[in-house]
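1. Fold the following, please.
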Amino acid sequence: MPGTLDHAAQLCSNATRGQIQDCLSAALGTTANTRTVNEVWLRSFGIHVVTLASYGHLLSLQGFTSPPSGWTYLAPIFFLTYPEIALAQVLIRTTTSIGRMLRLKQRVPLRYFVACCLGVRAGCSASETSAIGKSSYPLVDLDPKEVICLPHKYNLLWLGRIGLLLALLAQYLGSLVLWIRLVFFLKDKSYWHWHIDYRNFQVVLGGLTATLNSMGILLTGCEWEIVPGRVRGSVEEVEGPKEINTGITRTDSGIELLSSAEKECPEVQGSRSPDIALLAFLSRLKGLNHSLYAILNRHFPSKLQLDFEVAVVIHRILAYGVVVWTWNRFPGGCPPIFRILSEATVTHDYRKLCPDRTNTYDPLTFTLIPQLRESLRVGPWLMVPAILFSIALARILLRWLAKRILLLCVWANGEQPRWLVQAEYWLLSGRTILSFPMILLIFSLAPFWFDGLLEQRSWHRETEVNLKNGAMDPVDRMAVNILMWKDPWQDNLYII
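-> Residues are numbered from 1 along each chain as shown. Prediction:
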């Protein structure tokens, strides 16, 4: 379109209904280059495939893929759902490394510090791997004196990897430039593709972080190995389940339900007999919890859970920030061009395409437009997964708050309140039979979101057919050209 929408809205703001069509045609031009539905979806599919490959390459460089573990299989799945996990991992490793340096007041080699921040793992020798059953440990958990740096061999393989990463870096930067240009400069054009464009932005951001992380690992020029004889007892990557005192003890012959006081005093034993059923229930609960904890430690490490939870928080912060900013661009939260188009035609009220600002505190309606909420197949049920997701997010934030309070208690009194330790573990940790289901609630919105995206695609496809067949009046054609507009930079930049 030769003219900008802001300029067209200013020129035609005082035009009458009969004059609006001619005014907009003169301001915007008679032709428009639109993005086809197949083009948008194929581009999005390509972005997802390439970024997933970038993240898999990062896991390989970090040392997670040999031998394969639960981390190897779960991390790519989490990356597809919340690509911000690549950024979360860098932030967590960096803050952990800085915190340990400040706490221990030790100076470490720069190369070692950078490798810790990038999530590199230190390998073990073949003999120690067969003895302990592990081939590597996170470098951030090891002391600099316990590891040695084995310099990289700078050969054609290394140059090929750097060249591929540079090409991917150019692709990701180009995609980010297009999204930033669309949101900050073109503003209200290509409105119908907003949801899938924002999803592409999230994926590209994760792919860009993974690519920069991979380049950093290659440029450090080291493969880290644990000093022989120093691995045993030097680090424990997974801590065992916390023992909660329920009055139950385990013996070689089975479960002992009575305390030492009850054994010595029969009268106490008689007074406590009604509690035996409760203690038996707690015993079974504790047994189930031990089994679940063992499975989680083997297939879902606690560090990966932390990475995933931080990624969810970053995802929500980005979503709220972007949506709130887009609202504040226009008075009333709606682009002026949609008001003018609604006045020029009686077939559609294009103001319904604007976000609903009536429930800004709500995690769902605040990101949906009224038309979608009223017409989607799953529209009436969307509030349910939104509430479940909010519960999952609240658990993450409450756990962080409980951890900070426990640290403050140790600093002030030298000990932690027992009730808070138990509450944090059983209700907020995500590692028990009571709290683990709340982790699964994080995925509650995904099926509804994807179904809504597919339904929108069918609408856009039908509109695209009508646009090509000429089954639209000139004002509606002009509106669709705006809603499905294609940035000319997409043909000039070499994008995935």
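
2. Which secondary structure elements does the helix or strand encompassing residue 169 sit against?
-> Under the criterion of DSSP states H and E, residue 169 resides in helix 156-181. Counting contacts by 3 or more Cβ pairs under 8 Å, 6 or more residues apart in numbering; DSSP states H and E, helix 156-181 packs against helix 37-62, helix 194-220, helix 489-492. C-betas here are computed from N, CA, C, even on glycine.

3. Pick the most deeply packed of those helices.
-> Ranked by mean neighbour count, these are led by helix 194-220 with a mean of 21 (mean count of other Cβ atoms under 10 Å).

4. what pLDDT, on average, does it get?
-> Per-region confidence: helix 194-220 scores 92 on mean pLDDT.

5. For that helix, name the packing helices and strands.
-> Contacting helix 194-220 under the criterion 3+ Cβ pairs under 8 Å, 6+ apart are the following elements: helix 37-62, helix 85-104, helix 110-117, helix 156-181, helix 302-328, helix 446-469.

6. Give the buried residues for the third one.
-> Spelled out, that is helix 110-117. By 16 or more other Cβ atoms under 10 Å, the buried positions in helix 110-117 come out as 112-117.

7. Also the last one?
-> For helix 446-469, a neighbour-count test (16+ other Cβ under 10 Å) marks 448, 452, 455-456, 460, 463-464, 467 as buried.

8. List the buried residues for the helix or strand hosting residue 340?
-> Per DSSP H and E, residue 340 falls inside helix 336-344. Judged by neighbour count using 16+ other Cβ under 10 Å, the buried positions of helix 336-344 are 336-344.

9. where does the stretch 51-200 of the chain dip in pLDDT?
-> Along the stretch 51-200 of the chain, the model assigns pLDDT under 70 to residues 66, 125-135, 185-192.

10. And for the spatially most central residue of the chain, nearest residue in space, chain neighbours not counted?
-> Centroid-nearest residue in the chain, with Cα atoms, centre = their mean: residue 82, separated by 2.7 Å. Here the nearest residue to residue 82 in space, its sequence neighbours aside, is residue 311; by Cβ to Cβ, 6 or more residues apart in numbering that works out to 4.4 Å.

11. I figured that neighbour was touching residue 90, is that so?
-> No. With contacts counted by Cβ atoms under 8 Å, residue 311 stays clear of residue 90, the gap being 11.1 Å.

12. More neighbours: which of the two?
-> Between residue 311 and residue 90, residue 311 has the larger neighbour count (other Cβ atoms under 10 Å), namely 25 against 19.

13. ok so, going back, can you add distance to residue 160 and give the buried residues of helix 110-117 back as CSV?
-> Below are these laid out as CSV (distance: Cβ to Cβ, whole Å):
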residue, distance to residue 160
112, 26
113, 28
114, 22
115, 22
116, 26
117, 25
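
14. farthest pair in these?
-> The distance between the two most remote of the buried residues of helix 110-117 (Cβ to Cβ) is 10.0 Å, for 112 and 117.

15. Run the angle between the longest helix anywhere in the chain and helix 446-469 for me.
-> Counting residues, the longest helix found in the chain (DSSP state H) is helix 383-413. Per axes from the mean of the first three to the mean of the last three Cα atoms, to 10 degrees, the angle that helix 383-413 makes with helix 446-469 is 130 degrees.

16. quick check, residue 122 in a strand?
-> Yes. Applying DSSP: H, G, I helix; E, B strand; the rest coil, one finds residue 122 inside a strand.

17. need the contact list for it.
-> Going by Cβ atoms under 8 Å, 6 or more residues apart in numbering, residue 122 touches 63, 136-139, 142, 146-147, 224-226.

18. rerun that using 7 Å as the cut-off
-> 136-137, 139, 142, 147, 224-226 (Cβ atoms under 7 Å, 6 or more residues apart in numbering).

19. and it, what are its bridge partners?
-> Counting by DSSP bridges, residue 122 forms beta bridges with residue 137.

20. Ramachandran angles for residue 485?
-> Residue 485 has phi and psi values of phi -70, psi 150 when expressed as degrees, to the nearest 10.

21. quick one on the thing from earlier: and which of the buried residues of helix 110-117 is nearest to residue 172?
-> Closest to residue 172 out of the buried residues of helix 110-117 is residue 117 (20.2 Å), distances taken as Cβ to Cβ.

22. Which residue is the nearest non-sequential neighbour of the closest one?
-> Once flanking residues are discounted, residue 117 sits nearest to residue 94: 4.4 Å by Cβ to Cβ, 6+ apart.

23. what residue ranges in the stretch 201-350 of the chain score low on pLDDT?
-> In the stretch 201-350 of the chain (pLDDT under 70), the answer is 229-274, 323-334, 346.

24. rerun that using 50 as the cut-off
-> 232-272 (pLDDT under 50).

25. returning to what we had before: want to throw the helices and strands packed on helix 194-220 into CSV with distance to residue 385?
-> Formatted as CSV, the helices and strands packed on helix 194-220 follow (distance: least, Cβ to Cβ, whole Å):
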stretch, distance to residue 385
helix 37-62, 22
helix 85-104, 21
helix 110-117, 35
helix 156-181, 26
helix 302-328, 14
helix 446-469, 5
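
26. quick one: which of these is nearest residue 381?
-> Of all those, it is helix 446-469 that lies closest to residue 381, at 7.2 Å by Cβ to Cβ.

27. how much does the helix or strand just after that closest one deviate in direction from helix 194-220?
-> The C-terminal neighbour of helix 446-469 among helices and strands, as given by DSSP H and E, is helix 474-483. Counting by the same axes, to 10 degrees, helix 474-483 lies at 20 degrees to helix 194-220.
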